[in-house]
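# Please work out how this folds:
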Amino acid sequence: MSSWGAAFLAVVMLVLALLLIIWWRQQSFRWPVLLVVCLALAPLLSWWSGKAFEVPAYRAGCDGLCPGYSGAPVAILTEENAAAGFSAWRFALNSLVYLVILLSWAAILRSILRRVNQGSARRRKGLGALVAGGLVVLPLGLAPLYLPPPEAQVRGDSLRVAINARREVYLYDQDASLPVLRVALEDVRPRLDGQPGLRVCLRTYSYFYVPSGHMYLDMTPEGVHSNGGGVRALDKTCWQ
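Just a heads-up that it's a prediction; the model follows:
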């Protein structure tokens, strides 16, 4: 993200955060408590994103190495020539994005709970538990299915081979330590066994975006199908 893009995002997020705080102030006298909780959770989520969402430096489509990064939706840690650098202002911007998400999510949850509370006490109790599970646990747990994690941005023939490799993840996902809900492209390089073709490396995610490891697929010379592959632990790489 360019400096201008980051500045524009920061302005938009600040405006949205201010509007949400004003809305909460009008809706509940407990708004300071909610704001404090969200202000505490936002940087924690930003820090967590730096651990969960990692795109190592990659070669596909680059002259040399494309720099890697960690964190989402705003990268908080970047790699330039194997040197990692933490950006405080990017961390703050990422935290601001999470603050807006938390305030918005809480507003949606409150609106639905107000409708639930209009019924009888027994109905409120049952629907309250259902709403808590439906709007908190399920969206977080299944988020990898509808919100793709960051990944290497490749193009050309490497992109074609990577797309074909994704279609055959099912051949090896049973070997993963956790259920695989989503994969993210890490790199496309020549096979290590000396055979013609390319190896595609994918980062695997389970429920709640828990990174479960790496998956590699050795593709045929045409790059259409995989004739070899497997999984690696999170502390290993596809090139070992």
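# so Tyr216 is in which element?
In this structure, Tyr216 is located in strand 211-219 according to DSSP states H and E.
# Return the list of strands paired to that strand, each annotated with direction.
In its sheet, strand 211-219 lies beside strand 198-205 (antiparallel), strand 226-232 (antiparallel), with partners assigned from DSSP bridges.
# and those strands as CSV, adding distance to Thr78 and mean neighbour count?
For every residue, glycine as well, the C-beta is placed using N, CA and C. Compiled in CSV, those are given as follows (distance: least, Cβ to Cβ, whole Å; neighbours: other Cβ atoms under 10 Å):
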stretch, distance to Thr78, mean neighbour count
strand 198-205, 17, 26
strand 226-232, 24, 18
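# For the ones you listed, give me CSV that also has distance to Pro149.
As requested, the strands paired with strand 211-219 are exported to CSV (distance: least, Cβ to Cβ, whole Å):
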stretch, distance to Pro149
strand 198-205, 6
strand 226-232, 17
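# and of those strands, who's closest to Ser177?
Using Cβ to Cβ as the measure, strand 226-232 is the one of the strands paired with strand 211-219 that comes nearest Ser177, at 7.8 Å.
# Mind listing residues that contact the closest one?
Applying Cβ atoms under 8 Å, 6 or more residues apart in numbering, the set of residues contacting strand 226-232 from outside is 165, 168, 171-173, 175-177, 193, 204, 213-220, 238, 240.
# switch the cut-off to 6 Å
Contacts with strand 226-232, where a contact means Cβ atoms under 6 Å, 6 or more residues apart in numbering, come from Glu168, Tyr172, Asp175, Ala176, Gly213, His214, Met215, Tyr216, Leu217, Asp218, Met219, Thr220.
# Can you pick out the most distant pair from those residues?
Checked with Cβ to Cβ, the contacts of strand 226-232 reach their widest spread between Gly213 and Thr220, with 23.9 Å between them.
# These two: which is more packed in?
It is Gly213, of Gly213 and Thr220, that has more neighbours when counted by other Cβ atoms under 10 Å, with 20 against 16.
# So what sits opposite that one in the bridge?
Note on Gly213: beta-bridge partners Thr204, judged by DSSP bridges.
# roughly how far apart are it and Leu234?
Between Gly213 and Leu234 the distance is 5 Å, computed by Cβ to Cβ, to the nearest Å.
# Same question for Leu113.
The value you get for Leu113 to Leu234, if Cβ to Cβ is used, is 38 Å.
# Which members of the contacts of strand 226-232 are classed as buried?
Glu168, Tyr172, Ala176, Gly213, His214, Met215, Tyr216, Leu217, Asp218, Met219, Thr220 (16 or more other Cβ atoms under 10 Å).
# wait, doesn't the fourth one sit right on Lys236?
Read that as Gly213. No: counting by Cβ atoms under 6 Å, Gly213 stays clear of Lys236, with 7.7 Å between them.
# lowest confidence element among the helices and strands of this protein?
helix 121-132 (a mean of 62; mean pLDDT, DSSP states H and E).
# residues making contact with whatever helix or strand comes next after that one?
As assigned by DSSP H and E, the chain's next helix or strand after helix 121-132 is helix 138-141. Helix 138-141 has contacts (Cβ under 6 Å, 6+ apart) with Tyr207, Phe208.
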